[in-house]
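K.L.:
here is my input, please return the structure:
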Amino acid sequence: MQGFTKLPSAWIENEGLRAFRWANGGSDNIAALMTLAVIGHHIDPTTGIARLRYDELSDMASISRAKVSAGLKLLAGQGIVELGADGRGSYKLVNYNSEKGWAMLPARGLYRHGVVDAFTEFRLRRRAELDAMKLYFLFVARRSRDTNMAKIGYERIEHYSGVPRNNIRAALSVLSANNLVYIEHVASTASDLGVASAYRLAHLDNRSHMGTTGRGDDFALDLAASGADPQPLTST
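P.N.:
Residues are numbered from 1 along each chain as shown. Model (predicted):
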């Protein structure tokens, strides 16, 4: 497994994360995004196709086979994953293009003893877990390659993910507690004395962080937030 894989990000830019709702089979929606992560980790870099058995998906995501099945149906229904694209047990990331339109998805570092370590703590019973997975994929898409962080305010987080503003803090706590995302504090351009939050994905370009770049990169962060990043979300 590579350190990262290429995840098509257009569906995130087009607000596709909003389709995963707690009120509409919440646990299945959590399972769908967990399953998507595992599929994304195991794709062939040329074709965007992963070949995995149900028991492998179940074990690596730490969810039941029934939840894997429900999650896959949701992913297929949203046009994110094509089931059986190259025979039984194959899963293709829709619109995969190894040359463009992708974001870096952390892979190898997330695993311990062959499973996604963070997922062993998920119980699929809390809305905060669904919100956390939605924020995780949003940060993957929003990450600036220059700063190795995603700087995005609560208003845009809510807009692109559908996570209500009042639920964002709880979702961030899940990501932080499970070592999926590090929350960094950078100087805010909105205030001479203020600070803003930026989000750094664990296990991705670990040499680039606030300790090595410092707060002077705030200018680059704001450029990324306004659309200067190589793979930005649509500016609002």
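
K.L.:
flag the shaky bits of the chain, pLDDT-wise.
P.N.:
Residues of the chain that meet the criterion pLDDT under 70 lie in 187-195, 206-236.

K.L.:
can we see that at 80?
P.N.:
24, 186-196, 205-236 (pLDDT under 80).

K.L.:
got the phi/psi numbers for the spatially most central residue of the chain?
P.N.:
In the chain, the centroid-proximal residue (Cα atoms, centre = their mean) is residue 137; its distance is 1.9 Å. Dihedral pair for residue 137: phi -70, psi -30, per degrees, to the nearest 10.

K.L.:
gap between it and residue 15?
P.N.:
Plainly put, residue 137 is 12 Å away from residue 15 if you go by Cβ to Cβ, to the nearest Å. For glycine as for every other residue, the C-beta is placed from the backbone atoms N, C-alpha and C.

K.L.:
next: residue 9.
P.N.:
12 Å.

K.L.:
more neighbours: these two, which one.
P.N.:
residue 9 (24 against 14; other Cβ atoms under 10 Å).

K.L.:
so the more buried one makes contact with residue 102?
P.N.:
Yes - between residue 9 and residue 102 a contact is recorded at 6.2 Å, counting by Cβ atoms under 8 Å.

K.L.:
how many neighbouring residues does the residue nearest to residue 8 when sequence neighbours are not counted have?
P.N.:
Leaving aside its chain neighbours, residue 8 sits nearest to residue 95 (4.8 Å; criterion: Cβ to Cβ, 6 or more residues apart in numbering). Using other Cβ under 10 Å, residue 95 is surrounded by 15 other residues.

K.L.:
residues in contact with residue 95?
P.N.:
Residues in contact with residue 95 (Cβ atoms under 8 Å, 6 or more residues apart in numbering) are 8, 10-11, 101.

K.L.:
could you find the closest non-adjacent residue to residue 11?
P.N.:
residue 80 is the one closest to residue 11 (Cβ to Cβ, 6+ apart), at 5.7 Å.

K.L.:
distance check, that neighbour against residue 48.
P.N.:
Residue 80 is 12 Å from residue 48, by Cβ to Cβ.

K.L.:
same check, this time on residue 97
P.N.:
Counting by Cβ to Cβ - residue 97 and residue 48 are separated by 8 Å.

K.L.:
quick one: which of these two has more around it?
P.N.:
residue 48 (25 against 12).

K.L.:
so who does that one touch?
P.N.:
Residue 48 touches 6, 8, 92-93, 96-98, counting by Cβ under 8 Å, 6+ apart.

K.L.:
of those residues, which is the most crowded?
P.N.:
Most crowded among the contacts of residue 48, counting by other Cβ under 10 Å, is residue 93 at 26 neighbours.

K.L.:
isn't it right up against residue 80?
P.N.:
Yes - Residue 93 lies in contact with residue 80 (Cβ under 8 Å); the separation is 7.4 Å.

K.L.:
SS state for residue 18?
P.N.:
Classification of residue 18 by DSSP: H, G, I helix; E, B strand; the rest coil places it in helix.

K.L.:
who touches residue 183 in this structure?
P.N.:
172, 176, 197-200 are the contacts of residue 183 under Cβ under 8 Å, 6+ apart.

K.L.:
circling back to that earlier point, quick one, what contacts the residue nearest to residue 11?
P.N.:
So residue 80 contacts 11, 16, 36, 93-94 (Cβ under 8 Å, 6+ apart).
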